[in-house]
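**Q** dropping a prediction and its sequence here:
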Amino acid sequence: MTAGLSARLDRISTNDRYLIVPMDHGITMGAVEGLVDIESTIDGVTSGGADAVLTQRGIAPRVHENKNDAGYIVHLNGSTTIGPDESDKRVTGTAEDAVRAGADAVSFHINVGSDHEPDQIEELAELTADAERLGLPVLAMAYARGPGVDESDPEALGHAVRLAEELGADVVKTGYSGDGDSFERVTESTRLPVVIAGGSKGTDRETVEMVRGAMDGDAAGVSMGRSIFQHDDPEGIARAVSAVVHDDAAVEEALRAGGFVEA
């Protein structure tokens, strides 16, 4: 690992643990709740302990003054919910574009098992090669997703994270298998740090319990979007999740840290 790559990984993590808040949903869903005033949201989640925020590169000018020295990841593909196929993620920039936008890392989404997997494999491989030349970490968002694919099957998720490692990623995000025991099958499939996606919004307790389960299954953290940025208290829920990820807190302790149960 080069000095530059190591330094940039440190900027998007704390002691090799990751709390990333992706907010690239504007390209996918539009200016939804939490993204209209994205500046305030970024300030809140990073004040609550997020290690890094993630957006498309065009939002970079709205990020830097509000991220409280947290890391910044630029996402480099996307699609929309109103388009013909949301799984058909198209390239939205290059590693060099991300560097010009002030990124500490880049990310790329691949749906393993989808009809678009072949193109996305080629595109991710090209990105990791370009990023390696720049000493820029790559977060691969590798989902088990496609016709007939069980998106929470630990074997399928394990295949997805291993594919990310094989293609040269540095960190991998994937879906959660539902419990810590089964998620160990996912994390043992790769030597990369594995972070879980947030999935659909749940209650505060459900969110924290999911994070606790993933960490018990040897996850390295979370990359959690709507459950944090669309929360009524983004700073508070970030603080609760951070307590689990960074302080190894139990569920009740984490909920107290976020201010959701009385001390």
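**A** Looks like it came in fine.
**Q** which parts of stretch 29-49 are buried?
**A** Using 16 or more other CB atoms under 10 Å as the test for burial, stretch 29-49 gives 34, 35, 38, 41, 42, 43, 44, 45, 46, 47, 48, 49. (Each C-beta comes from the backbone N, C-alpha and C, glycine too.)
**Q** and the two most separated of those residues?
**A** Distance extremes for those: the farthest pair is 35 and 49 at 20.1 Å, using CB to CB.
**Q** residue ranges in this protein under the pLDDT threshold?
**A** For the chain, the stretches with pLDDT under 70 are 262-263.
**Q** and the residue nearest the centre of it?
**A** residue 223 (2.9 Å; CA atoms, centre = their mean).
**Q** okay, strands next: where are they in the stretch 151-263 of the chain?
**A** Using DSSP state E, counting those that start in this stretch, the strands found in the stretch 151-263 of the chain span residues 171-174, 194-197, 221-223.
**Q** partner strands of the first one and their direction?
**A** Strands adjacent to strand 171-174 in the sheet, as given by DSSP bridges, are strand 138-144 (parallel), strand 194-197 (parallel).
**Q** next, work out how far apart residue 114 and residue 172 are.
**A** 17 Å (CB to CB, to the nearest Å).
**Q** who's more crowded, those two?
**A** Legend: neighbour count by other CB atoms under 10 Å for residue 114 and residue 172, higher for residue 172 (28 against 20).
**Q** from residue 142, how far off is the more buried one?
**A** According to CB to CB, residue 172 stands 5 Å off from residue 142.
**Q** anything in contact with each of these two?
**A** 160, 161, 164 (CB atoms under 8 Å, 6 or more residues apart in numbering).
**Q** what is the nearest of those to residue 213?
**A** Using CB to CB, residue 161 comes nearest to residue 213 of the shared contacts of residue 172 and residue 142, at 16.8 Å.
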